[in-house]
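In: Prediction below, plus the sequence it came from.
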Amino acid sequence: MQDTLHDRLPWGGIHHIALATHDLEETLRFYHQVLGMEVSDMFASREWRGRHGIVLVKPGDSEALGLHFFERTGLVPPAQPATLESSAESAGLFLHIALRLAYATAADALRQRLAEHQVHITEIVELGSFVFSDNNAILLEVTWPQP
């Protein structure tokens, strides 16, 4: 199928990704204190929305809000962290979020930070990346430019 410029829309990238959490404070703590990401203020509940906060993940795009977490108090907390193996066996349509770091030394610093917070990581040797689970059992992959 041939595509013409006229057929394409002027997409500008991802604005944000909305996710649910059972514990908004813990989620914001994980992304701010463990991953070192910028975190916005928490916004008050609305009847149909619940409390929400925005974890600002700026992957080189100043227009992107990043990850937008909504608290759903009825959610059952994960019994254990997700792993590559468990996600392959029981995953729905959502598998993981891949985040990019600028260079390998930043990835090494993040590995150390995750170890200090007792967060288990799984190496993906063939991709030169690693995967870990956040406090909501959401798998996060970290990648960086390879030499």
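Out: Thanks, I have the structure now. Note that the coordinates shown come from a computational prediction; the quantities given were computed from them, not determined experimentally.
In: which is the next helix or strand following the least confident helix or strand in the chain by mean pLDDT?
Out: Sorted by mean pLDDT, DSSP states H and E, the helices and strands of the chain end with helix 84-90, the least confident at a mean of 58. Note on helix 84-90: by DSSP states H and E, the next helix or strand toward the C-terminus is strand 97-100.
In: Which SSE is immediately downstream of that next one?
Out: Remark: after strand 97-100, the chain's next helix or strand is helix 104-116, criterion DSSP H and E.
In: packing partners for the very next helix or strand once past that following helix?
Out: The helix or strand immediately downstream of helix 104-116 is strand 121-124, counting by DSSP H and E. Counting contacts by 3 or more C-beta pairs under 8 Å, 6 or more residues apart in numbering; DSSP states H and E, strand 121-124 packs against helix 104-116, strand 129-133. (Glycine included, C-beta is placed from N, CA and C.)
In: my guess is Phe69 meets Thr21, correct?
Out: Yes: applying C-beta atoms under 8 Å, one finds Phe69 in contact with Thr21, separated by 4.8 Å.
In: tell me, what's touching those two both at once?
Out: Counting by C-beta atoms under 8 Å, 6 or more residues apart in numbering, the contacts common to Phe69 and Thr21 are Thr27.
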